[in-house]
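Q: no FASTA, just this:
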């Protein structure tokens, strides 16, 4: 029949109906999907048996892994297994004990490695060389943790600590007997009291300092840093602090038992040290005032080398204060059990050395004598052309002071163009001195450090210390800490940011540092010392409440063992003390593993700028533990 282009009765079209065809196709597809869905559901149902005998299929992360199994497949077929199936094997026993630092014997509770009494006896007694630093050889280094004595207690808080300390912390009564009439220290029940007395100040340190203040001005901020040679228990330094003068006190190990240890326990800056054959570990032109009160140093002997060293560390225009023999010998020679002739000879020797240094004797009144160093060497150089006198040192770094031999020549001051000019630059008075550009920087003598860099560093550390306090509530708590140590101080920014807190900071400039910045730190009115962290510090155990270190372990990465540095930190840190270290994250991860082996509580946190910085911050706290009580085998 022909096709009908238009509807006509009796005409039928042969063209297929597409709508009906699509309906059939969709219906068939839907039916097939339903059939296969139920077939798959039946195949994997818990009640059905797996058609493949002896195997099961586990679906994990959309990957089918065929496993041989003899168990019923229904127990695993519908459970998704997200557990990791790759494990690092346990390390061998030797590797697990890589960092193992057991407690030391109780007899080492006051161990000072580089001033060990037994080792020192091997060295020359001439000029007290045996009392200098003599550190153990690598094979002699102690690899254990120094214990606190049994009964150790957290020290009193400042300012109460200035006047008292727990007997259990420094269990030595020798000074209470030997210096009984001089009021150095008194023993009362479970504690020591420090009345502020001294050999030459029976009326107390405050009255003695008032006497000095009548001779030179201690109140106008021109005197900020001082050094006390042969400090005793550092009462002079302790009482200067209320006048905004900070003193670096030092005395030899065991001349009188535990002098420096008492000072540090009181919360007063101090180091073990002696004037013998090497320079003091301070830069030139560091101190505004030097002091000796019956310190028994033979100032006029050995060609005046000890007084020459005082001249090196004394700032232009600085003062040297001397009391005790031979000053006022006319009235004291009998009590000192010396002859008039020997005392006069000693004083004449001191006067001669002082003259050779171009010092001017300002005054001698009663038991006190005061000399002043010139503000420059212009006039001093003229006198040397006229008469034979002490020569100037040539081609020597005046700031080099780590195992550097003493000189008998005069350390020259920086050149000036006017007789009234202060060599090296005049310093601002305290407290403006803290934030002023140090003359060593403004003059360009510290290569690579500009005034702009100093200002930026000052602001940077304000922010960093604020961030530290937000992480460590104990650092934020006023009075919780007193003695602080900065292991890599650079420009002293950490210490400067804490100047309003009741703390003092020992600023360490490592001898390995690229730039020797310790002189600039002193020009800010702060204190510190040189040190090599591959060796022990010249201090007693349990010296510091808080230790800070910026990139210390990166600096010493290839110089000595990380574990040895951390053990030294543990030795000088008080129980419950805190450590904050900032360094590269990989370095801090290793530090953390060693710190935990020393039973420190440690954690790593983000940089103050956020988590994307490679530099991180480690916070650690030393646990409280002591040596066992006598007759007991367990630690407290």
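A: Good, I have the coordinates. Nothing here was measured: the structure is a model prediction, and the numbers come from that model.

Q: Could you tell me whether residue 262 really is in a strand?
A: No - read with DSSP: H, G, I helix; E, B strand; the rest coil, residue 262 is helix and lies in no strand.

Q: so which strand or helix has residue 32?
A: For residue 32, the enclosing helix or strand under DSSP states H and E is helix 18-43.

Q: List the contacts of stretch 558-571.
A: In this structure, residues lying in contact with stretch 558-571 by Cβ atoms under 8 Å, 6 or more residues apart in numbering are 99, 101, 111, 141-146, 512, 533-534, 536-537, 541, 547, 552-553, 556, 579, 590-591, 594-595, 598, 600, 622. For every residue, glycine as well, the C-beta is placed using N, CA and C.

Q: give the contact list for the closest residue to residue 100 other than its chain neighbours.
A: Computed as Cβ to Cβ, 6 or more residues apart in numbering, the closest residue to residue 100 that is not its neighbour in sequence is residue 597, at 6.5 Å. Shown in contact with residue 597 (Cβ under 8 Å, 6+ apart): 99, 100, 101.

Q: Now residue 597. Its backbone dihedrals?
A: Here is the backbone geometry of residue 597 (degrees, to the nearest 10): phi -70, psi -20.

Q: Distance of it relative to residue 567?
A: 10 Å (Cβ to Cβ, to the nearest Å).

Q: and the lengthiest strand in the chain, how far out from the chain's middle?
A: For the chain, the strand reaching the highest residue count under DSSP state E is reported as strand 573-584. Between the centre of strand 573-584 and the centre of its host chain there is 9 Å, according to Cα atoms, centre = their mean, to the nearest Å.

Q: If you average pLDDT per helix and strand, which one of this structure comes out bottom?
A: None of the helices or strands of the chain scores lower by mean pLDDT, DSSP states H and E than strand 55-60, at a mean of 36.

Q: from the contacts of stretch 558-571, which ones fall inside helices?
A: In this view, the contacts of stretch 558-571 that belong to helices under DSSP state H are 552, 553, 590, 591, 594, 595.

Q: pLDDT score assigned to the fifth one?
A: In this case it means residue 594. Per-residue confidence at residue 594 stands at 97 (pLDDT).

Q: let's number from 532 now, not from 1
A: Okay, using 532 as the starting number, the last item reads as residue 1125.

Q: Surely it touches residue 674?
A: No - with contacts counted by Cβ atoms under 8 Å, residue 1125 stays clear of residue 674, the gap being 12.0 Å.

Q: who's more crowded, these two?
A: Set residue 1125 next to residue 674 and count neighbours by other Cβ atoms under 10 Å: residue 1125 wins out with 20 against 12.

Q: Could you report the distance from the more buried one to residue 1132?
A: Using Cβ to Cβ, which is the criterion applied here, residue 1125 is 14 Å from residue 1132.

Q: Kindly report the same for residue 1142.
A: 22 Å.

Q: more crowded one of those two?
A: For residue 1142 versus residue 1132, neighbours defined as other Cβ under 10 Å are more numerous around residue 1132 (12 against 8).

Q: so the more buried one bridges to which residues?
A: Partner residues in beta bridges with residue 1132: residue 1152, with DSSP bridges as the criterion.

Q: quick check, nearest of the ones in helices among the contacts of stretch 1089-1102 to residue 751?
A: Sorting these by how near they are to residue 751, with Cβ to Cβ, puts residue 1083 at the top with 37.8 Å.

Q: what residues are up against the closest one?
A: Contacts of residue 1083 were listed using Cβ under 8 Å, 6+ apart, and they are 1018, 1019, 1041, 1064, 1096, 1112, 1114.

Q: State the number of residues packed around residue 557.
A: The burial metric for residue 557, expressed as a neighbour count using other Cβ under 10 Å, is 10.

Q: where along the stretch 882-1031 of the chain do the helices fall?
A: Remark: helices of the stretch 882-1031 of the chain, listed N- to C-terminal, are 909-917, 963-966, 970-973, 982-1002, 1004-1007, 1024-1028; assignment by DSSP state H, counting those that start in this stretch.

Q: Make JSON lines out of those and add mean neighbour count and mean pLDDT.
A: Below are these laid out as JSON lines (neighbours: other Cβ atoms under 10 Å; pLDDT from 0 to 100):
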{"stretch": "helix 909-917", "mean neighbour count": "12", "mean pLDDT": "83"}
{"stretch": "helix 963-966", "mean neighbour count": "15", "mean pLDDT": "98"}
{"stretch": "helix 970-973", "mean neighbour count": "21", "mean pLDDT": "98"}
{"stretch": "helix 982-1002", "mean neighbour count": "15", "mean pLDDT": "98"}
{"stretch": "helix 1004-1007", "mean neighbour count": "15", "mean pLDDT": "95"}
{"stretch": "helix 1024-1028", "mean neighbour count": "24", "mean pLDDT": "98"}
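
Q: closest one to residue 788 among those helices?
A: When the helices of the stretch 882-1031 of the chain are compared for distance to residue 788 using Cβ to Cβ, the nearest one is helix 1024-1028, at 30.8 Å.

Q: how long is stretch 1032-1045 from one end to the other?
A: End-to-end distance for stretch 1032-1045: 30 Å, by Cα to Cα, to the nearest Å.

Q: Report the mean per-residue pLDDT for that stretch.
A: Model confidence over stretch 1032-1045, given as mean pLDDT, is 98.

Q: so how far is it off the chain centroid?
A: Taking the mean C-alpha point of stretch 1032-1045 and that of its whole chain, the gap between them comes to 6 Å (Cα atoms, centre = their mean).

Q: For it, which residues meet the burial criterion?
A: For stretch 1032-1045, burial by neighbour count (16 or more other Cβ atoms under 10 Å) applies to 1032, 1034, 1035, 1036, 1037, 1038, 1039, 1040, 1041, 1042.

Q: Can you pick out the ones from these that are in strands?
A: Members of the buried residues of stretch 1032-1045 lying in strands (criterion: DSSP E): 1035, 1036, 1037, 1038, 1039, 1040, 1041.

Q: So the third one sits against residue 1023, correct?
A: In other words, residue 1037. No - using Cβ under 8 Å, residue 1037 makes no contact with residue 1023, being 10.8 Å away.

Q: anything in contact with each of these two?
A: Shared contacts of residue 1037 and residue 1023 (Cβ under 8 Å, 6+ apart): 1017, 1059.

Q: As CSV, the ones in helices among the contacts of stretch 1089-1102 with distance to residue 952 would be great.
A: Converted to CSV, the ones in helices among the contacts of stretch 1089-1102 look like this (distance: Cβ to Cβ, whole Å):
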residue, distance to residue 952
1083, 39
1084, 43
1121, 51
1122, 48
1125, 52
1126, 51
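
Q: Closest one of the residues you listed to residue 691?
A: Among the ones in helices among the contacts of stretch 1089-1102, residue 1126 lies closest to residue 691 (Cβ to Cβ), at 31.2 Å.

Q: Surely the closest one touches residue 1150?
A: No - counting by Cβ under 8 Å, residue 1150 is not a contact partner of residue 1126; they are 10.1 Å apart.
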